[in-house]
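Chemist: Sequence first, predicted coordinates after that:
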Amino acid sequence: KQQGRHLDAVALSQGPGSYTGLRIGTATAKGLCYGMDLPLFAVDTLQAIAMSARQRDSDAGSETLYCPMIDARRMEVYTALYDAHLNQAMPVEARIITQDSLSSLSAGREVVLCGNGAGKCRPMLPQGMIRLMENIVPEARYVAELASDAARGYQAVDLAYFNPFYLKEFQAVVSKNKLW
């Protein structure tokens, strides 16, 4: 820290997620970093959710997989799969939730669904190895912990070129009330 400075860096949850939320968060973080000449560390939102679930999961085994889900409207979620050490076991994707899509996740291992999109799965949860953890969000302390790991590896983002991870392109929709 420099004399009088209260920040050493800024940590940002980079997405996927809400287009507007990601834009506002990124603009704020970049503004702070440019104005105060600070590094920016961006971390995966889904990994932060998985970390939050893992920390709160008293029933977890060493083979447990975590499937964070962010609501992407209708029956779609942004999701990935992480092992108990937070290594990515399935890449980030937009997935339509069906009975079959849930059954294909486990492959014989316990899977914990978490995040604000996981509740959509409740009516379709297959019997067996998949369970739901509610009220799991990407807490700031876990974003900071993941960013701290990135900082140890000097993996700050380039402020001029950094963009959040949207996963899908923004699609503007005209309100039906505005149509003639």
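Modeler: Structure's in. What do you need? Since the structure is predicted, the reported quantities are computational estimates derived from the model, not experimental observations.

Chemist: Only the buried residues of the strand ranked longest in the chain, if you could.
Modeler: Longest strand of the chain, by residue count under DSSP state E: strand 88-96. With burial defined by 16 or more other CB atoms under 10 Å, the residues of strand 88-96 counted as buried are 89, 92, 95. Just so you know, the C-beta spots here come from the backbone N, C-alpha and C atoms, and that holds for glycine as well.

Chemist: In JSON lines: those, plus distance to Lys30 and pLDDT.
Modeler: JSON lines is the format used below for these (distance: CB to CB, whole Å; pLDDT from 0 to 100):
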{"residue": "Ala89", "distance to Lys30": "31", "pLDDT": "93"}
{"residue": "Val92", "distance to Lys30": "22", "pLDDT": "95"}
{"residue": "Arg95", "distance to Lys30": "30", "pLDDT": "92"}
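
Chemist: For these, give me CSV that also has distance to Ala11.
Modeler: Converted to CSV, these look like this (distance: CB to CB, whole Å):
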residue, distance to Ala11
Ala89, 24
Val92, 19
Arg95, 27
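
Chemist: Looking at the residues you listed, spot the one nearest Tyr166.
Modeler: Distance to Tyr166, by CB to CB, is smallest for Val92 among the buried residues of strand 88-96, at 11.1 Å.

Chemist: quick one, what contacts the closest one?
Modeler: Applying CB atoms under 8 Å, 6 or more residues apart in numbering, we find Val92 in contact with 16, 44, 46, 78-80, 165, 167.

Chemist: Looking at the residues you listed, which is nearest Ala9?
Modeler: Minimum distance to Ala9 across the contacts of Val92 is 17.2 Å, recorded for Asp44 (CB to CB).

Chemist: in this protein, which helix or strand is least confident?
Modeler: Across the helices and strands of the chain, the lowest-confidence element by mean pLDDT, DSSP states H and E is helix 99-106, at a mean of 80.

Chemist: helices or strands up against that helix?
Modeler: Contact here means 3 or more CB pairs under 8 Å, 6 or more residues apart in numbering; DSSP states H and E; on that basis helix 99-106 packs against strand 65-71, strand 130-132.
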